[in-house]
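Engineer: This is the structure alone, sequence omitted:
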């Protein structure tokens with residue numbers, strides 16, 4: 001298995017950059033605690049957790065992420081506050097990057113067969129509060145940090161594929177993450193809003209786990 005590549009950056013330096021005082025529980029600490037078991041489970045079940053990663057594993061990884069992100073991104077676009085505020089860094093075009101990687105000439109037809117899974121995407125029906133969306137976006141933004149680590153480990157192994165999704169914005173991911181958690185901590189700072197953020201993060205994780213565990217070709221069940 002790859003060396004425990006984290007979906008979410010849980011470093012202490014990330015926590016301190018959020019504006020929280022060291023040792024003071026806040027939204028970032030609560031989110032880590034609320035999602036820790038789900039986070040560890042994803043280490044075990046995502047396609048890139050195998051000992052010897054092949055391009056078909058990357059394609060399978062992208063297919064799962066696409067089925068997860070497509071309804072989330074469509075739902076998030078209807079808001080303009082909280083994590084969707086125009087004051088935050090521009091949204092990464094994740095679906096376009098995934099589609100470009102899936103269409104790359106190095107992807108063979110037999111590798112791409114995993115993409116032909118029917119009826120897996122359903123609209124996301126989560127809570128509309130900004131706090132809930134901060135929790136959802138905590139998972140999405142954190143996954144990009146994990147992708148940067150994967151890129152460094154796999155870029156030579158899976159060449160000539162460019163791994164554009166994993167490579168996206170690597171030079172600015174640190175400042176982007178710090179801006180995100182600073183803005184989140186400023187808005188999500190009461191027991192009620194922190195609990196709502198944790199619910200959003202947990203449900204986003206649960207949907208990704210559901211997709212990663214589903215047998216190929218399985219029909220999609222209703223989601224939150």
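Structural biologist: Good, I have the coordinates. What you see is a predicted model, and the numbers here were worked out from it, not measured in a lab. Numbering: from 1, shown residues only.
Engineer: ok, residues contacting the helix or strand hosting residue 193?
Structural biologist: Under the criterion of DSSP states H and E, residue 193 resides in helix 191-213. Contacts to helix 191-213, defined as CB atoms under 8 Å, 6 or more residues apart in numbering, come from residues 26-27, 30-31, 34-35, 38-39, 41-42, 45-47, 64-65, 67-68, 72, 120, 124, 126-127, 129, 131-136, 138-140, 184, 187-188, 221, 223-224. (Each C-beta comes from the backbone N, C-alpha and C, glycine too.)
Engineer: how about a cut-off of 6 Å?
Structural biologist: The contact list for helix 191-213 (CB atoms under 6 Å, 6 or more residues apart in numbering) reads 27, 30-31, 34-35, 38, 45-46, 64, 67-68, 129, 131-132, 134-136, 138-139, 188, 223-224.
Engineer: What's the biggest helix in this structure, counting residues?
Structural biologist: helix 130-154 (DSSP state H).
Engineer: okay, the angle between that one and helix 191-213?
Structural biologist: Interaxial angle of helix 130-154 relative to helix 191-213 (axes from the mean of the first three to the mean of the last three CA atoms, to 10 degrees): 40 degrees.
Engineer: Now do the buried residues in helix 130-154.
Structural biologist: 130-151, 154 (16 or more other CB atoms under 10 Å).
Engineer: need the next SSE after the lowest-mean-pLDDT helix or strand in the chain, C-terminal direction.
Structural biologist: Across the helices and strands of the chain, mean confidence by mean pLDDT, DSSP states H and E is lowest for helix 12-17: a mean of 37. Where DSSP H and E defines the elements, the next helix or strand beyond helix 12-17 is helix 27-45.
Engineer: and the angle for that next one with helix 191-213?
Structural biologist: Using the same axes, to 10 degrees: helix 27-45 against helix 191-213 is 10 degrees.
Engineer: which of the residues in helix 27-45 are buried?
Structural biologist: 27-32, 34-35, 38-39, 42-43.
Engineer: Show me what it is packed against.
Structural biologist: Packing partners of helix 27-45 (3 or more CB pairs under 6 Å, 6 or more residues apart in numbering; DSSP states H and E): helix 173-187, helix 191-213.
Engineer: OK, contacts around residue 31?
Structural biologist: Residue 31 is in contact with 138, 198, 201, counting by CB under 6 Å, 6+ apart.
Engineer: go on, residue 110?
Structural biologist: Taking CB under 6 Å, 6+ apart, one finds nothing in contact with residue 110.
Engineer: what about it, which SS state?
Structural biologist: Secondary structure assignment for residue 110 (DSSP: H, G, I helix; E, B strand; the rest coil): helix.
Engineer: ok, now residue 51?
Structural biologist: coil.
Engineer: how close does it get to residue 28?
Structural biologist: 32 Å (CB to CB, to the nearest Å).
Engineer: for residue 88, same thing?
Structural biologist: Separation of residue 88 from residue 28 (CB to CB): 16 Å.
Engineer: just residue 127 next, same as before
Structural biologist: Taking CB to CB, one finds residue 127 at 20 Å from residue 28.
Engineer: Same check on residue 49?
Structural biologist: Computed as CB to CB, the residue 49 to residue 28 distance reads 25 Å.
Engineer: Equivalent analysis for residue 57, please.
Structural biologist: Residue 57 is 31 Å from residue 28, by CB to CB.
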